[in-house]
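**Q** just coords:
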């Protein structure tokens, strides 16, 4: 269960910036001893006011030698990140100097912070809920600016407010049911039509959140797209064109690509891992055989495919083998080499891959590449039921709790329909409320809390 932090907890400290040479390193201290520790190693100031930036020397209290000229700020509880007394020291970014200052802090009474302990204390002190804490992690890990924007929305409390609103609706419904149980003789009967309508409304809101969460997953984790086709159709040229750089080796010799090459592109906020695969044909060497085997594996496990065909040549048995290998997957057809006279009759492709949109391009000259990128993103978003306005960052924990809440509400609707006992109805409404409380962390075990914050870095 969530509790307020005990003021007797040890004062913790850690370097909050990446270890290494840089302009500035930030050292964070949190706990009851924070101010005294700062006074001990920062003797320039006998009077330290809250939220005032100070400039001076860190001094070794035993040897009395200067260590570094720094900026420091003391933030009195509860107006700090953790809700405790907090000190932040901004020193020069060398490894040695940051570690020396940290060692002085430890010798002055602090202990090393564990992973995510600053944020964990902030959560336990009510500075934010568990959804917002996880949004911090999403913000740090966001691979694109758009993904970071969705994380910021979560950090601002958008999802938390939605969950709270639905939970409040259920609490009101539960109060009606419990009043019927406790004061049946004094209360008018439940209006089951209104009760059902409101319950369905909450259930619909939860289902919408779950669907938006599945869409948010692709912005959090990205998708994989394998580029497949027979040798020499232009797969590597296409990879280079999408990346806008010469990443893959391109020659006229078939079978140049003998291993999968993975690169990443940003499609307007959506991270796509592009996989350039070996050409699908009968191998002519052990190395090519291994590459083709890996290509077949990529076809199997990739989220989407881009199937490349050489439009300047007639369809071959190798093209037909490619079609057969991918027909049960999702993706786009690319008809490459539009700069050459057309020889390909695409009826066979259109018939076998009827759900795949075909894009004509010239990878060599970059023609049609913007359209291909646009259609690829459109396919991914549509396939995941995503519009730009219905994206929510839900992780596996959120989804499990929301799905459990939805199942409880479905059971309650069934109980109403069957005319069963109000006691059973109350149990399911309570189960849904509990599940929603778990999403925000209002009702959650220490094990779950530890699991969430163990994903953070030491200084966060």
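**A** Nice, thanks for sending it over. Here the structure is a predicted model, which means the values were calculated and not measured.
**Q** Provide a list of residues in contact with the closest residue to residue 344 other than its chain neighbours.
**A** Nearest non-adjacent residue to residue 344, counting by C-beta to C-beta, 6 or more residues apart in numbering: residue 311, 4.4 Å away. Backbone N, C-alpha and C define where each C-beta goes, glycine included. The contact partners of residue 311, taken as C-beta atoms under 8 Å, 6 or more residues apart in numbering, are 335-338, 340, 342-344, 346, 360.
**Q** who wins for neighbours among these?
**A** Of all those, the highest neighbour tally under other C-beta atoms under 10 Å goes to residue 336, namely 27 neighbours.
**Q** how is the chain carved up into domains?
**A** Per the record's domain assignment (automatic domain parsing), the chain is made up of the domains 12-127, 140-218+395-441, 222-383.
**Q** Pipe these into TSV and attach distance to residue 456 and mean pLDDT per row.
**A** Formatted as TSV, the domains of the chain follow (distance: least, C-beta to C-beta, whole Å; pLDDT from 0 to 100):
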stretch	distance to residue 456	mean pLDDT
domain 12-127	3	93
domain 140-218+395-441	8	88
domain 222-383	21	81
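**Q** can you put those domains in TSV and add distance to residue 457?
**A** Output for the domains of the chain, formatted as TSV (distance: least, C-beta to C-beta, whole Å):
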stretch	distance to residue 457
domain 12-127	7
domain 140-218+395-441	8
domain 222-383	21
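**Q** So which of those is nearest residue 459?
**A** domain 12-127 (3.4 Å; C-beta to C-beta).
**Q** okay, among the contacts of residue 311, which ones form the most distant pair?
**A** Using C-beta to C-beta, the contacts of residue 311 span at most 15.0 Å, a distance reached by 340 and 346.
**Q** one step back: roughly how far does the residue nearest to residue 344 sit from residue 362?
**A** Counting by C-beta to C-beta, to the nearest Å, the gap from residue 311 to residue 362 is 9 Å.
**Q** what's the answer for residue 340, then?
**A** 8 Å.
**Q** ok, now residue 149?
**A** Here the criterion is C-beta to C-beta. By it, residue 149 lies 35 Å from residue 362.
**Q** of these two, who's got more company?
**A** Of the pair residue 149 and residue 362, residue 362 is the one with more neighbours under other C-beta under 10 Å, namely 19 against 15.
**Q** quick one: the more buried one and residue 342 touch, right?
**A** No. Residue 362 lies out of contact with residue 342 (C-beta atoms under 8 Å); the separation is 11.9 Å.
**Q** Only the buried residues of the longest strand seen in the chain, if you could.
**A** For the chain, the strand that runs over the most residues, judged by DSSP state E, is strand 66-75. By 16 or more other C-beta atoms under 10 Å, the buried positions in strand 66-75 come out as 67-68, 70, 72-75.
**Q** now those residues as JSON lines including distance to residue 397?
**A** Output for these, formatted as JSON lines (distance: C-beta to C-beta, whole Å):
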{"residue": "67", "distance to residue 397": "43"}
{"residue": "68", "distance to residue 397": "41"}
{"residue": "70", "distance to residue 397": "39"}
{"residue": "72", "distance to residue 397": "37"}
{"residue": "73", "distance to residue 397": "34"}
{"residue": "74", "distance to residue 397": "35"}
{"residue": "75", "distance to residue 397": "30"}
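**Q** which residues are in contact with both of residue 311 and residue 362?
**A** Listed contacts common to residue 311 and residue 362 are 336-338; contacts here mean C-beta under 8 Å, 6+ apart.
**Q** Go through those residues and flag which are in strands.
**A** Those of the shared contacts of residue 311 and residue 362 lying in strands (DSSP E): residue 336.
**Q** Would you format the shared contacts of residue 311 and residue 362 as JSON lines with distance to residue 452 included?
**A** Output for those, formatted as JSON lines (distance: C-beta to C-beta, whole Å):
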{"residue": "336", "distance to residue 452": "47"}
{"residue": "337", "distance to residue 452": "51"}
{"residue": "338", "distance to residue 452": "51"}
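**Q** For the stretch 301-450 of the chain, which segments count as helices?
**A** For the stretch 301-450 of the chain, the helices defined by DSSP state H, counting those that start in this stretch occupy 317-326, 347-352, 369-383, 396-418, 422-440, 446-453.
**Q** Of all those, which one is nearest residue 196?
**A** helix 396-418 (5.6 Å).
**Q** residues making contact with the closest one?
**A** With C-beta under 8 Å, 6+ apart as the test, helix 396-418 has contacts from 131, 134, 192, 195-196, 199-200, 202-203, 206-207, 209-210, 213, 394, 421, 424-425, 428-429, 431-432, 435-436, 438-439, 448, 452.
**Q** Derive a ChimeraX selection command for the buried subset of those.
**A** A single ChimeraX command suffices to select whichever of the contacts of helix 396-418 are buried according to 16+ other C-beta under 10 Å:
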select :131,134,195,199,202,203,206,209,210,213,394,425,428,429,431,432,435,436,438,439,452
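**Q** After the top helix by length along the chain, which helix or strand is next?
**A** Ranked by number of residues, the top helix in the chain under DSSP state H is helix 192-221. Next along the chain after helix 192-221, taking DSSP states H and E as the criterion, comes strand 223-228.
**Q** Mind listing the strands that next one pairs with, and their directions?
**A** Strand pairing for strand 223-228, using DSSP bridges, gives strand 270-276 (parallel), strand 304-310 (parallel).
**Q** how about TSV for the ones you listed, with mean neighbour count and distance to residue 413 added?
**A** Formatted as TSV, the strands paired with strand 223-228 follow (neighbours: other C-beta atoms under 10 Å; distance: least, C-beta to C-beta, whole Å):
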stretch	mean neighbour count	distance to residue 413
strand 270-276	22	37
strand 304-310	24	37
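**Q** Residue 297 is nearest to which of these?
**A** Closest among these, using C-beta to C-beta: strand 270-276, at 10.2 Å.
**Q** Run the angle between that closest one and helix 192-221 for me.
**A** If you take axes from the mean of the first three to the mean of the last three C-alpha atoms, to 10 degrees, strand 270-276 sits at 50 degrees to helix 192-221.
**Q** where exactly do the helices run in the stretch 51-200 of the chain?
**A** Going by DSSP H, counting those that start in this stretch, the stretch 51-200 of the chain shows helices at 95-107, 117-124, 130-141, 145-155, 158-182, 192-221.
**Q** Pick the most deeply packed of those helices.
**A** Among the helices of the stretch 51-200 of the chain, helix 117-124 has the highest mean neighbour count (mean count of other C-beta atoms under 10 Å), at a mean of 24.
**Q** How about residues contacting that one?
**A** With C-beta under 8 Å, 6+ apart, helix 117-124 has contacts from 2-5, 9, 12, 14, 16, 28, 30, 81-84, 128-130, 133, 136, 441, 449, 453, 456, 459-460.
**Q** Near residue 434, how many other residues are there?
**A** 16.
**Q** Leaving out chain neighbours, which residue sits closest to it?
**A** Distances taken as C-beta to C-beta, 6+ apart place residue 443 nearest to residue 434, at 5.9 Å, with adjacent residues excluded.
**Q** Thanks a lot, see you next time.
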